[in-house]
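S.K.: model the structure of this input:
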Amino acid sequence: MAKKKGCLYLVGTPIGNLDDITARAIEILKMVDVIACEDTRQTRKLLAHYKINKKRLLRCDQHITYAVGRELVELFNQGLSIAYVSDSGMPAISDPGSALVRLCVDNHIDVVPIPGPNAAITALATSGFAGASFIFEGYLPRKPQERQTRIQCLKGLEMPIVIYASPHRVKRILKDIAVEMPDRGVVVCREMTKVNEEILRGTAEEVNLELNEDRTRGEFAVVVDRAADSEDNRFVMDNVPTDRVERALRICIQNFEMSPNNASKVISAILGIPKQEIYHLAVTIPRHRPPR
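M.R.: Numbers count the residues shown, from 1 in each chain. Okay, the predicted model is just below:
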């Protein structure tokens with residue numbers, strides 16, 4: 001009889017305060033054979049806090065090499081269970097865990113989610129901007145021109161935008177947002193759930209002025225309010241009906257599994273509409289058709 005394969009547990013961990021963890025997450029960390037993690041130092045602090053000792057830790061950061069992947073697959077094939085934890089929050093969201101999940105899916109290894117805190121959702125709830133939908137942008141491009149272009153693409157969306165920012169780039173990001181969206185409400189959450197937690201509200205320019213050097217330490221989540229619901233912010237595409245553009249984008253994205261970027265290029269070439277205008281709409285279309 002073939003030995004049953006192990007499985008991967010995606011374990012949500014605290015985003016700051018170590019007490020923000022579920023009882024189920026603690027039990028899984030105690031039970032698994034191996035814990036894969038971004039940074040073994042960070043994970044050891046968490047394990048020590050909950051007296052979880054003598055666990056094998058396997059570093060699994062953004063440089064997941066072929067050798068590391070092969071070792072993980074071999075461990076799963078031996079029937080071992082592995083938990084993956086990121087440095088903080090729910091794994092596989094803007095961290096290397098997504099590559100590990102793909103590795104498991106490709107090798108027919110079960111993936112079991114163990115839900116936990118998430119910085120984006122926590123910041124969004126705190127902002128007061130939450131509605132029926134929002135855009136999770138994650139980390140913006142590092143290069144200034146690419147970052148400005150991306151912010152230009154986002155500014156027409158009639159839903160809140162959640163952005164992650166490192167302490168080294170948060171002021172530059174706020175400056176770029178201030179240029180493109182000067183009157184938009186912004187909430188900046190710093191060091192959420194930690195002792196030095198701080199929540200700043202205002203326009204991007206106002207918040208940026210408050211962030212002096214001593215207040216740019218830690219990790220940041222930036223929430224930008226939705227575009228005003230006015231005719232000036234709706235799509236006007238050279239007399240091409242918006243519903244026609246949306247139908248074409250849905251076919252590209254849902255039927256042919258194109259990315260929003262590639263779908264926008266195709267529709268732009270066919271209809272002669274600037275790609276940037278189309279992209280604002282493309283990012284709001286779900287990748288999969290809703291069930292009937």
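S.K.: helices and strands of the chain: which one has the lowest mean pLDDT?
M.R.: helix 275-282 (a mean of 78; mean pLDDT, DSSP states H and E).
S.K.: and that helix, what's buried?
M.R.: Neighbour counts over helix 275-282 (16 or more other CB atoms under 10 Å) mark 275, 277, 278, 279, 280, 281, 282 as buried. The way it works is simple: take the backbone N, C-alpha and C, and place the C-beta from them, glycine included.
S.K.: my read: the fifth one touches residue 156, true?
M.R.: Yes: with contact defined as CB atoms under 8 Å, residue 280 counts as touching residue 156 (4.2 Å).
S.K.: if we can go back for a sec, off-centre distance for the least confident helix or strand of the chain?
M.R.: Taking CA atoms, centre = their mean, to the nearest Å, one finds helix 275-282 lying 21 Å from the centre of the chain it belongs to.
S.K.: quick one: low-confidence residue ranges for the stretch 101-250 of the chain.
M.R.: For the stretch 101-250 of the chain, applying pLDDT under 70 flags the ranges 131, 228-239.
S.K.: apply 50 and report the result again.
M.R.: Low-confidence segments of the stretch 101-250 of the chain (pLDDT under 50): 229-236.
S.K.: quick check: the gap between residue 210 and residue 198.
M.R.: According to CB to CB, to the nearest Å, residue 210 and residue 198 sit 9 Å apart.
S.K.: and the least confident helix or strand of the chain, what does it pack against?
M.R.: Packing contacts for helix 275-282, counted by 3 or more CB pairs under 8 Å, 6 or more residues apart in numbering; DSSP states H and E, involve helix 144-154, helix 242-250, helix 260-271.
S.K.: nearest to residue 222, out of those?
M.R.: Comparison of those against residue 222 by CB to CB identifies helix 144-154 as nearest, at 11.1 Å.
S.K.: for the closest residue to residue 92 other than its chain neighbours, pull up the helix or strand it's in.
M.R.: Distances taken as CB to CB, 6 or more residues apart in numbering place residue 98 nearest to residue 92, at 4.6 Å, with adjacent residues excluded. In this assignment (DSSP states H and E), residue 98 forms part of helix 97-106.
S.K.: contact partners of that helix?
M.R.: Contacting residues not belonging to helix 97-106 are listed as 8, 10, 36, 60, 64, 69, 72-73, 76, 84, 86, 91-92, 109-111 [CB atoms under 8 Å, 6 or more residues apart in numbering].
S.K.: do you know how far residue 224 is from residue 140?
M.R.: 11 Å.
S.K.: could you measure from residue 69 over to residue 98?
M.R.: Between residue 69 and residue 98 the computed distance is 13 Å (CB to CB).
S.K.: for these two, indicate the residue with more neighbours.
M.R.: Neighbour count, other CB atoms under 10 Å: between residue 69 and residue 98, residue 69 has more, with 17 against 12.
S.K.: so what's the more buried one up against?
M.R.: Applying CB under 8 Å, 6+ apart, the residues contacting residue 69 are residue 103.
S.K.: which SS state does it fall under?
M.R.: Following DSSP: H, G, I helix; E, B strand; the rest coil, we place residue 69 in the helix state.
S.K.: one more: residue 163?
M.R.: With three-state DSSP as the criterion, residue 163 reads strand.
S.K.: may I have the beta-bridge partners of it?
M.R.: residue 138, residue 222 (DSSP bridges).
S.K.: how near is it to residue 147?
M.R.: 10 Å.
S.K.: which one of the two has more residues nearby?
M.R.: Under the criterion of other CB under 10 Å, the comparison of residue 163 against residue 147 puts residue 163 first, with 26 against 18.
S.K.: so residue 187 is in contact with residue 125, correct?
M.R.: No: in this structure residue 187 lies outside contact range of residue 125 using CB under 8 Å: 10.5 Å.
S.K.: quick check: the nearest residue to residue 185 once chain neighbours are set aside vs residue 161, distance?
M.R.: By the measure of CB to CB, 6+ apart, the closest residue to residue 185 outside its immediate chain neighbours is residue 225, 3.8 Å from it. Note on residue 225: its distance to residue 161, by CB to CB, is 8 Å.
S.K.: and those two? Which one has more around it.
M.R.: Applying other CB under 10 Å to residue 225 and residue 161 shows that residue 161 carries more neighbours, namely 24 against 18.
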